[in-house]
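**Q** any chance you could fold what I've pasted below:
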Amino acid sequence: MPIDREQVLRYHLGGKIGLRIRKPVATLQDLCLAYTPGVALAVKEIAAHPAALFSYSARSNLVAVVTDGTAILGLGDLGAEAAIPVMEGKAVLFKLFGDVDAWPVPLNHCRLGGQNTGKTDPARLVEHVAALAPMYGGINLEDIAAPACFEIEDTLDARLDIPVFHDDQWGTAVITLAGVLNYARLCERDISELRVVINGAGSAGIRIAEMLKAAGCDSVLLCDSKGVLRTSRTDLSGKKKEHAVHTSAATVGDALEGAHLFIGVSAANCIQSRDIQRMAPYPAIFAMANPDPEITPAEVAQTLGRNPYVMATGRSDYPNQINNVLGFPFLFRGALDVRARTINLAMKRAAAEALAALARKPVPEEVKALYEEPDLAFGPGYIIPKPFDRRLFETVPLAVAKAAVESGVAQTPFSAAAYAQELHRRNTSRLKEILPQPA
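**A** As a prediction, the model looks like this:
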């Protein structure tokens, strides 16, 4: 879909989000309840019982979207201010799809030396986020460059008793796993049999590798700009060193020899047709660099001809868009509703499995009409649900909440049947918000 610069800038005039007052303030009595003198009773209740903050404030449904602007989209380090339109957009998606209230928190002075430029200072950013955490039920970290993002997420997750989730790491990983699960079904291979090559060893690539390994993938080769992460390299450290393997493959092309699945979170046009030709029969190519993929669907189609294959990208104008919007709104919805202390690996896997299962079900007619795809059905061209499929709101949060309870991180009583009914009720009441209506 072509994007007009002036149209985009007009759309962003005045920002994309604002405050919604949730309680009536139409009379003097209402005003007394909302503020002084009535508010003092809520203050005293929270002071006496700190956990009551989740009941007597917006905290239970409010997520901070935190960034220092060091890795904005594919644009790089442009600073916290420049990141604000992205953070506002994230807040819109939180509300639209997950009914989660979210607010941008762009942070300056979180670079080494307390400056607004340069590399992220993980300790400084952690202190900033920890200081503002009392207002929020969850923290969504966004557009923070690697390797600092790993330390920041891990430290905050251990320190705070609310979910901390770096979407650039885990969001992509969750949706990718969903796609991989369905690809394995289509090619009739067990996930443990898949030979996987990941090009891009930043935050997304490393977390994808971890998700796939946790799900049972035994053969995962991770590549960076210098080639395969192998034990013979002396330039590796941190997370990259953890994923180094003993192999004779040096380049991504070498790694693709006999591989079943290519996953790209790297750079445009870095994979050639000859690389795809070296893959095993019925391959999958997840070329997710944005806005231009590692290899285009047209090139893959020309290379593989009528042979079966699966093609996915990060773009909405091609089939099988692996998009984080299928993950974070629903992960947080489920986590918030059971007051989870964290979003752990079990919850992430549950989300991926729920997404994969939904894609295998018949597609509602309204979704087919919205996307103008009357024959949309599970198969090579449809392995991931569409973002406007309203069933996501009922299936993914339920799976996440169940996993939180079963893994011991939920902090509220839980009935799966009652929660399923509540999600359905809320979903029905907000149908017009999440599914665009015909003109």
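**Q** domain ranges for the protein?
**A** Per the record, the chain has its domains at 5-162, 177-313, 324-372+388-434, by automatic domain parsing.
**Q** excluding its backbone neighbours, what's nearest P397?
**A** Nearest residue to P397, sequence neighbours excluded (Cβ to Cβ, 6 or more residues apart in numbering): G334, at 3.6 Å. Where C-beta positions appear, they are placed from N, C-alpha and C, glycine not excepted.
**Q** now do the phi/psi pair for F165.
**A** For F165, the backbone dihedrals (degrees, to the nearest 10) come out as phi -140, psi 120.
**Q** give me the neighbour count for it.
**A** Using other Cβ atoms under 10 Å, F165 has 26 neighbouring residues.
**Q** cool, the one 5 residues further on as well?
**A** As a burial measure, W170 scores 26 neighbours (other Cβ under 10 Å).
**Q** ok, the one 5 residues further on next?
**A** By other Cβ under 10 Å, the residues close to I175 number 30.
**Q** now do the SS call for it.
**A** State at I175, reduced to three classes by DSSP: H, G, I helix; E, B strand; the rest coil: helix.
**Q** surely the residue nearest to P397 meets K348?
**A** No: here G334 does not reach K348: they are 10.9 Å apart, not a contact under Cβ atoms under 8 Å.
**Q** more neighbours: which of the two?
**A** Ranked by neighbour count (other Cβ under 10 Å), G334 and K348 place G334 first, with 28 against 25.
**Q** and that one, what element?
**A** Counting by DSSP states H and E, the element that carries G334 is helix 328-337.
**Q** just the CA trace of stretch 49-63, in PDB.
**A** Presented in PDB, the C-alpha positions along stretch 49-63 are these (Å, rounded to 0.1, in the frame of the first residue of the first chain):
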ATOM      1  CA  HIS A  49      -2.800  -1.700  52.200                       C
ATOM      2  CA  PRO A  50      -0.300  -1.100  49.300                       C
ATOM      3  CA  ALA A  51      -1.800  -3.900  47.100                       C
ATOM      4  CA  ALA A  52      -5.000  -1.800  47.100                       C
ATOM      5  CA  LEU A  53      -3.300   0.500  44.500                       C
ATOM      6  CA  PHE A  54      -4.300  -2.000  41.900                       C
ATOM      7  CA  SER A  55      -8.000  -1.600  43.000                       C
ATOM      8  CA  TYR A  56      -8.200   2.100  43.600                       C
ATOM      9  CA  SER A  57      -6.200   3.500  40.700                       C
ATOM     10  CA  ALA A  58      -5.700   3.000  37.000                       C
ATOM     11  CA  ARG A  59      -2.600   0.800  37.600                       C
ATOM     12  CA  SER A  60      -4.300  -2.600  37.000                       C
ATOM     13  CA  ASN A  61      -4.800  -1.800  33.300                       C
ATOM     14  CA  LEU A  62      -2.000   0.700  32.600                       C
ATOM     15  CA  VAL A  63       1.300  -0.100  30.800                       C
END
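**Q** hmm, back to that, now render the domains of the chain as a markdown table, adding distance to Y382.
**A** What follows is these, written out as a markdown table (distance: least, Cβ to Cβ, whole Å):
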| stretch | distance to Y382 |
| --- | --- |
| domain 5-162 | 19 |
| domain 177-313 | 9 |
| domain 324-372+388-434 | 7 |
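**Q** closest one to D168 among the ones you listed?
**A** D168 lies closest to domain 177-313 among the domains of the chain, at 5.2 Å (Cβ to Cβ).
**Q** tell me what the helix or strand encompassing D154 is packed against?
**A** Element membership of D154, judged by DSSP H and E, is helix 148-159. With contacts taken as 3 or more Cβ pairs under 8 Å, 6 or more residues apart in numbering; DSSP states H and E, helix 148-159 sits against helix 122-132, strand 138-141, strand 164-166, helix 167-186, helix 203-214.
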